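Asker: What shape does this take:
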Amino acid sequence: MSILSKEDVLQKAEEMDVKFVRLQFTDVLGITKNVAITVEQLEEALDDKIMFDGSSIEGFTRIQESDMYLKPDYDTFAIFP
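Answerer: Alright, predicted model coming up:
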């Protein structure tokens with residue numbers, strides 16, 4: 001169970017005047033990758049509705065299975081200067 005809720009994340013992003021959000025993940029080799037979205041897309045991302053092309057990530061998936069959803073972990077939300 002998450003400590004932070006969707007509403008907590010949205011409120012903090014608004015309070016801190018966030019403009020862009022980086023959704024980070026690691027590939028199969030352990031290398032950090034990210035997808036950048038605008039803050040206007042944050043609620044959609046928190047509802048698990050942001051997709052990316054997994055075939056563009058080394059070793060991730062074949063082109064036929066490449067559309068993948070990003071599923072944010074609310075508790076990892078952090079503000080970077």
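Asker: which helices and strands sit right next to the longest helix along the chain?
Answerer: Looking across the chain with DSSP state H, the single longest helix is helix 6-15. For helix 6-15, the contact count by 3 or more CB pairs under 8 Å, 6 or more residues apart in numbering; DSSP states H and E identifies helix 42-46 as packing neighbours. Bear in mind the C-beta positions are built from the backbone N, C-alpha and C, glycine included.
Asker: Could I get the buried residue list for the helix it packs on?
Answerer: Residues of helix 42-46 classed as buried by neighbour count (16 or more other CB atoms under 10 Å): 42, 45-46.
Asker: Can you tell me how far residue 22 is from residue 79?
Answerer: Spatial separation of residue 22 from residue 79 under the definition CB to CB, to the nearest Å is 11 Å.
Asker: What of residue 40?
Answerer: For residue 40, the distance to residue 79 - CB to CB - is 17 Å.
Asker: Could you do residue 13 as well?
Answerer: The span separating residue 13 from residue 79 equals 8 Å under the rule CB to CB.
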